[in-house]
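Asks: model the structure of this input:
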Amino acid sequence: MRGPVLVGVDGSTTSLAAVEAAAREADRLGVELRLAHACVWSAAQVPPGVPPWDPGGIGSPGSASGALTEAERRARSVASGVRVTHTVLMGQPASVLEAESHRASLTIVGSRPASRFGSGRRGSVAARLAAHGGSPVLMVRGGPDPAGPVVLACDDGHIGRQAAEFAFAEASARETDVMVLNGWLHTGPYAPLAALREKYPGIPVRRLRVRGGTRRAVVEASTHAQLVVIGTRRRGGWTAARPATVSRAALRHAGCPVAVIHEEGENR
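Replies: Residues are numbered from 1 along each chain as shown. All right, here's what the predicted structure looks like:
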């Protein structure tokens, strides 16, 4: 999919960090950067005739313009050649970003939503997107180690094609190595590890077996990593409100940014 990189903008410090990360990702992928600002109105505040989601931003608060202007400035400061568009949507951030994510290549959020948007729990928007979003999700959080690896892990013991491809591409862009944590890349017609080693011959690959649970190991590894990539998959009819256990632990407690990649259409 060649949709834009979508990033949630609320004017906070964490969302501006997410915007910078999103600009770099859009530049790496060669796609548009889409800035999305969510405005929460009660039904009494919506003017007659205006849809409650207000896709064009009709009548939206003036703060949206300032937040989007600053976000665009920050995006261009790190990736001047990226095309930037923006939208103002009415509704809860998790809901509107989930809807928009179905047209995106990647959705990026900060680690702490602004308090005026309702839920203040760290990672709550990212958790909703990881469980139900239509694209991979990346949450910008923590203090990444610029000399650390890209850590690749999974929810169910098998690291599949999409997560492995994302991790190798990120490692190549960051000029670092890939650490495969407590899992294995499945064999079969694709054989992701062999194919990706051929595609990225300069990327060292390490495999780390740890004692104890994968959740704890991922959080510990994140303290000296640039990025954690978690592969997960939806099962038929699965509608759980939260992502699986490893993903959830990483989104809540990791010491660096976390990407959650759904393995669509894989039978293992």
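Asks: switch to C-alpha atoms for all contacts and neighbour counts from now on
Replies: Fine.
Asks: mind listing what residue 217 touches?
Replies: Going by Cα atoms under 8 Å, 6 or more residues apart in numbering, residue 217 touches 181, 210.
Asks: one more time with 10 Å, if that's ok
Replies: Going by Cα atoms under 10 Å, 6 or more residues apart in numbering, residue 217 touches 153, 181-182, 208-211, 246, 250.
Asks: closest to residue 84 out of these?
Replies: residue 250 (29.5 Å; Cα to Cα).
Asks: and that closest one, helix, strand or coil?
Replies: Following DSSP: H, G, I helix; E, B strand; the rest coil, residue 250 is assigned to helix.
Asks: tell me how far it lies from residue 140.
Replies: 12 Å (Cα to Cα, to the nearest Å).
Asks: please enumerate the shared neighbours of those two.
Replies: 123, 256-259.
Asks: quick one: least confident of those residues?
Replies: The member of these with the lowest pLDDT is residue 123, at 54.
Asks: now the shared contacts of residue 250 and residue 140 in JSON lines, with secondary structure and neighbour count?
Replies: Formatted as JSON lines, the shared contacts of residue 250 and residue 140 follow (DSSP: H, G, I helix; E, B strand; the rest coil; neighbours: other Cα atoms under 10 Å):
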{"residue": "123", "secondary structure": "coil", "neighbour count": "23"}
{"residue": "256", "secondary structure": "coil", "neighbour count": "23"}
{"residue": "257", "secondary structure": "coil", "neighbour count": "24"}
{"residue": "258", "secondary structure": "strand", "neighbour count": "29"}
{"residue": "259", "secondary structure": "strand", "neighbour count": "27"}
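Asks: need those in a markdown table (columns: distance to residue 166).
Replies: Conversion of those to a markdown table gives the following (distance: Cα to Cα, whole Å):
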| residue | distance to residue 166 |
| --- | --- |
| 123 | 21 |
| 256 | 16 |
| 257 | 14 |
| 258 | 12 |
| 259 | 9 |
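Asks: more neighbours: which of residue 250 and residue 140?
Replies: More crowded of residue 250 and residue 140, by other Cα atoms under 10 Å: residue 140, with 30 against 27.
Asks: residues contacting the spatially most central residue of the chain?
Replies: For the chain, the residue nearest the mean C-alpha position is residue 138 (1.5 Å; Cα atoms, centre = their mean). Going by Cα under 10 Å, 6+ apart, residue 138 touches 7, 18, 21-22, 106-111, 126, 129-130, 227-229, 251, 257-261.
Asks: in strands only, show me those residues.
Replies: 7, 106-110, 227-229, 258-261 (DSSP state E).
Asks: which residues of this protein fall in strands?
Replies: Using DSSP E, strands in the chain cover 5-8, 33-39, 84-90, 106-110, 137-140, 150-154, 158-159, 178-181, 184-185, 205-208, 227-232, 258-262.
Asks: so can I have a markdown table of those strands showing distance to residue 197?
Replies: Putting the strands of the chain into a markdown table (distance: least, Cα to Cα, whole Å) gives the following:
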| stretch | distance to residue 197 |
| --- | --- |
| strand 5-8 | 26 |
| strand 33-39 | 29 |
| strand 84-90 | 33 |
| strand 106-110 | 24 |
| strand 137-140 | 24 |
| strand 150-154 | 14 |
| strand 158-159 | 15 |
| strand 178-181 | 11 |
| strand 184-185 | 12 |
| strand 205-208 | 8 |
| strand 227-232 | 17 |
| strand 258-262 | 20 |
